[in-house]
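J.: turn this into a structure:
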Amino acid sequence: CLATLIIMLVGDTYTLINYVSFINYLCYGVTIMGLIVLRWKKPKIYRPIKVNLLIPITYLAFWAFLLIFSFYSEPVVCGVGLIIMLTGVPVFFLGVYWRNKPKCVNRLIESLTCWGQKLCFVVYPQGGGAEEE
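T.: Residues are numbered from 1 along each chain as shown. Have a look, this model is predicted:
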């Protein structure tokens, strides 16, 4: 989010849309690859919706073409998009992967979470989490 704000202040909106669209298509392709890997490695798990594997494989073929064409036609935009996406790696390691954090780091993360929830109006009511229907 911080990187996006900096880019919005420095660059134009068209370039920002190109960065984000490249990241979106990259994530879509990785998601479809995950579907194929799960179908191959865990064929017996329950799936509410099961599709023929020809559909995701066809999608991946078109996806690979579009991604390679994007890299060929605009390598700088794709590279910056990858850098923007990789800015989340340190956040993942600090917030999720690092299990035995000091109390001061936990308090900081909790206060940032609370501040973000209040800013975006997504705070659950106090006392029980999400309400049951």
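
J.: longest helix of the chain, counting residues only.
T.: Secondary structure of the chain per DSSP state H: the longest helix is helix 13-41.

J.: may I see the buried residues of the very next helix or strand once past that helix?
T.: As assigned by DSSP states H and E, the chain's next helix or strand after helix 13-41 is helix 54-73. Neighbour counts over helix 54-73 (16 or more other C-beta atoms under 10 Å) mark 56, 60, 63, 70 as buried. C-beta coordinates here come from the backbone N, C-alpha and C atoms, glycine included.

J.: hey, C-alpha coordinates of helix 54-73 in PDB?
T.: Only the C-alpha atoms of helix 54-73 are listed here, as PDB (Å, rounded to 0.1, in the frame of the first residue of the first chain):
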ATOM      1  CA  LEU A  54      -8.700 -29.000 -20.000                       C
ATOM      2  CA  ILE A  55     -10.200 -25.700 -19.000                       C
ATOM      3  CA  PRO A  56      -7.400 -24.600 -16.500                       C
ATOM      4  CA  ILE A  57      -4.700 -26.000 -18.800                       C
ATOM      5  CA  THR A  58      -6.100 -24.000 -21.700                       C
ATOM      6  CA  TYR A  59      -6.300 -20.900 -19.500                       C
ATOM      7  CA  LEU A  60      -2.700 -21.400 -18.400                       C
ATOM      8  CA  ALA A  61      -1.600 -21.600 -22.000                       C
ATOM      9  CA  PHE A  62      -3.200 -18.200 -22.800                       C
ATOM     10  CA  TRP A  63      -1.900 -16.800 -19.500                       C
ATOM     11  CA  ALA A  64       1.700 -17.800 -20.300                       C
ATOM     12  CA  PHE A  65       1.400 -16.200 -23.700                       C
ATOM     13  CA  LEU A  66       0.100 -12.900 -22.300                       C
ATOM     14  CA  LEU A  67       2.700 -12.900 -19.500                       C
ATOM     15  CA  ILE A  68       5.600 -13.600 -21.900                       C
ATOM     16  CA  PHE A  69       4.300 -10.900 -24.300                       C
ATOM     17  CA  SER A  70       4.000  -8.400 -21.500                       C
ATOM     18  CA  PHE A  71       7.600  -9.100 -20.400                       C
ATOM     19  CA  TYR A  72       8.700  -8.700 -24.000                       C
ATOM     20  CA  SER A  73       6.800  -5.500 -24.800                       C
END
